[in-house]
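Enquirer: Sequence first, then the predicted structure, then my questions.
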Amino acid sequence: MTDNKRPAVIGVVTASDRASAGVYKDESGPAIEAYLTSVLTTPFRIERRVIPDGFESVRDTLIDLADAVGCDLVVTTGGTGPSPRDLTPEATLAACPRELPGFGELMRQVSLAQTPTAILSRQLAAHRGKCLVINLPGKPAAIELCLNAVMPAVPYCLDLIGAAYIETDPARVKAFRPKK
């Protein structure tokens, strides 16, 4: 049962060796925050992390955000490509054993309409208890595209897993919940 008595806690995680080392400014995490701020109408707070690429760093961060911080939703950016350090999907599945394959399928489908290299991206979504985790690509331009595609299903998914209740601005994204 969903918890509509408290604001949602949303983790935003950037997985990037260079951004975590300060070599360049993280633009993808702030793009996720800006998107959520423009789309969500219910109260929420953001927990930000900028971490190195790699299996352990991503897995451990997701477990911490779900279990210790109590995040209802975690949106990651980065680490979904085919390079050796891109291990966000593997780490996500290690932390969140229940995959929801439709999220990744839809994100790749809409991305392929924009760029042929989207076939290389390994976005996915899974959940750990009451926390939904969505992996997005690392490119800021892909963030709004992918979130617009999956966000209509996110509020109802959170309801089903017992997370905090969220609403979207229907002028931006029309969330779907079945009629009772």
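Expert: On my side now, so go ahead.
Enquirer: residue ranges of the helices in the protein, please?
Expert: Along the chain, the stretches classed as helices by DSSP state H are 17-20, 28-39, 55-63, 88-95, 101-112, 140-150, 154-161.
Enquirer: Pick the most deeply packed of those helices.
Expert: helix 88-95 (a mean of 22; mean count of other CB atoms under 10 Å). C-beta: built from backbone N, CA, C; applies to glycine.
Enquirer: Nearest approach to residue 48 belongs to which of the helices of the chain?
Expert: Judged by CB to CB, the one of those that comes nearest to residue 48 is helix 28-39, at 6.2 Å.
Enquirer: for that closest one, what is the average pLDDT?
Expert: Averaging pLDDT along helix 28-39 yields 98.
Enquirer: do stretch 166-178 as well
Expert: 96.
Enquirer: Could you list the buried residues of it?
Expert: 166, 168, 173, 175 (16 or more other CB atoms under 10 Å).
Enquirer: ok so, going back, export the helices of the chain to TSV and tack on distance to residue 130?
Expert: Shown next, in TSV, are the helices of the chain (distance: least, CB to CB, whole Å):
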stretch	distance to residue 130
helix 17-20	27
helix 28-39	18
helix 55-63	13
helix 88-95	14
helix 101-112	17
helix 140-150	18
helix 154-161	5
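Enquirer: any idea how far the residue nearest to the spatial centre of the chain lies from residue 143?
Expert: Taking CA atoms, centre = their mean, the centroid of the chain lies closest to residue 75, which sits 2.1 Å from it. Per CB to CB, to the nearest Å, residue 75 is found 9 Å from residue 143.
Enquirer: No further questions, thank you.
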